[in-house]
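Visitor: Sequence below, structure please.
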Amino acid sequence: MERDIILTINGTAINGLSIVVGTTVNWFFTCMDPDDISAPLDLTACAVVMAMVEIDSQGNPSYPAVISRLATITSAADGECTVPWSSSDTCPDNDDDPPVPTPITLGSYGLDVWVEDVDGNRIQELGFSIINITAAAVLPESSVTALPEQEPLAQGPQGEQGIQGIQGEPGETFPTQTGKSGKFLQTDGADVSWEDVDAFPDQTGNAGKFLQTDGADVSWEDGLPSLTSVDAGAVLANRPEGTAAWVEPTWLNILDYGGVGDWDGATGTDNSLALGRALAAMDRYIDYDLQSGSEGATLYFPPGKYYFASTI
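Guide: Predicted structure coming up:
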């Protein structure tokens, strides 16, 4: 079994790695400067060492190392190196003299990576992490009981043919479209037919008019009177002879008749008398209809709150 592990190390721990015993591991390290983890560590004239050491219950390392490997620098300027780890790596048994190699046992180990100078002095710690060596999955020891031999299955008799489904009714078709250009499709709930669309009356010479129907026929009628030279504030009025005209109403201000908009929700001036005076003044305008020249009158209340003690 072979596995590649790619790590970026910058002096902080990387825990949680698990490796199956007997696995060939290719370690690829990118070493970052612990003082500036955004910049790679320059490995020029340096050596990177990776060691796997035993640890106690508190996670403290115990030397000498179980495995110690010198990394191959692949790019010194970029801080990149690789460490091959063989499936046959063993650990020395320190109880014998000389030590007798024994296979790595399962459990947790410390993975220590550091930088050495040319004299072998440790000058920079790159990371100390916890790795777990786990057992490989194996098949159960118990044998699998084979199934007894069986006679091949014979083909049974053919079943009866199922009942044929009911055939659907043919769909209704549209009436022919030949010669029906410009018509619309209409149904009376039983039959479908093409019907004529009521045409608009001729538009020639009817610019500015609007379309009107009396319930039976459609015709063009005169539109609104011209807005040319109409003063702002004019209103549209319907004169008795049936024509429309713009008129300029007379505006009366309630303040000119003693009105005061000072109501504060509790107290204020009673405007009943002022309103009576203003309405009386309007009588001379509304006694005439539009045909005789009167243009009506409008009573204006400037912004404010007006109190009336009596019903208007």
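
Visitor: Residues contacting stretch 29-44, please?
Guide: Here stretch 29-44 makes contact (Cβ atoms under 8 Å, 6 or more residues apart in numbering) with 6-11, 48, 50, 71, 73, 76-83, 113, 115, 124-126. For glycine as for every other residue, the C-beta is placed from the backbone atoms N, C-alpha and C.

Visitor: what residues are up against the residue nearest to residue 124 when sequence neighbours are not counted?
Guide: The shortest distance from residue 124 to any non-neighbouring residue, by Cβ to Cβ, 6 or more residues apart in numbering, is to residue 115 (4.0 Å). Residues in contact with residue 115 (Cβ under 8 Å, 6+ apart) are 31, 41, 43, 46-49, 122-124, 126.

Visitor: switch the cut-off to 6 Å
Guide: 46, 48, 123-124 (Cβ atoms under 6 Å, 6 or more residues apart in numbering).

Visitor: For it, name its beta-bridge partners.
Guide: Residue 115 forms beta bridges with residue 48, residue 124, as assigned by DSSP bridges.

Visitor: And residue 128, by the same measure?
Guide: Taking DSSP bridges as the rule, residue 128 bridges to residue 112.

Visitor: Surely it touches residue 112?
Guide: Yes: Residue 128 is within contact range of residue 112, at 5.1 Å (criterion: Cβ atoms under 6 Å).

Visitor: where exactly do the helices run in the protein?
Guide: Applying DSSP state H to the chain gives helices spanning 272-286.

Visitor: Buried among the contacts of residue 115? Make that a ChimeraX selection.
Guide: Of the contacts of residue 115, the buried ones can be selected in ChimeraX as follows, counting by 16 or more other Cβ atoms under 10 Å:
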select :46,48,124
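
Visitor: which two from the contacts of residue 115 end up farthest apart in space?
Guide: Between any two of these, the greatest separation by Cβ to Cβ is 11.0 Å, found for 48 and 123.

Visitor: Please tell me how far the residue nearest the centre of the chain sits from residue 8.
Guide: Compute the mean C-alpha point of the chain, and by Cα atoms, centre = their mean the closest residue is residue 38, 32.6 Å away. As defined by Cβ to Cβ, to the nearest Å, residue 38 lies at a distance of 11 Å from residue 8.

Visitor: same thing with residue 128?
Guide: 15 Å.

Visitor: the more surrounded of these two?
Guide: Neighbour comparison, residue 128 and residue 8: the larger count goes to residue 128, with 21 against 14 (by other Cβ atoms under 10 Å).

Visitor: pLDDT value on that one, please?
Guide: pLDDT, residue 128: 84.

Visitor: ok, now how distant is it from residue 134?
Guide: Counting by Cβ to Cβ, the gap from residue 128 to residue 134 is 20 Å.

Visitor: these two touch, right, residue 18 and residue 134?
Guide: Yes: if you go by Cβ under 6 Å, residue 18 and residue 134 touch, sitting 5.4 Å apart.

Visitor: more crowded one of the two?
Guide: For residue 18 versus residue 134, neighbours defined as other Cβ under 10 Å are more numerous around residue 134 (13 against 9).

Visitor: my guess is the more buried one contacts residue 17, does it?
Guide: No: counting by Cβ under 6 Å, residue 134 stays clear of residue 17, with 10.5 Å between them.

Visitor: Adding distance to residue 218 and pLDDT, write the contacts of residue 115 out as a markdown table.
Guide: Output for the contacts of residue 115, formatted as a markdown table (distance: Cβ to Cβ, whole Å; pLDDT from 0 to 100):
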| residue | distance to residue 218 | pLDDT |
| --- | --- | --- |
| 46 | 98 | 86 |
| 48 | 95 | 91 |
| 123 | 100 | 84 |
| 124 | 96 | 84 |
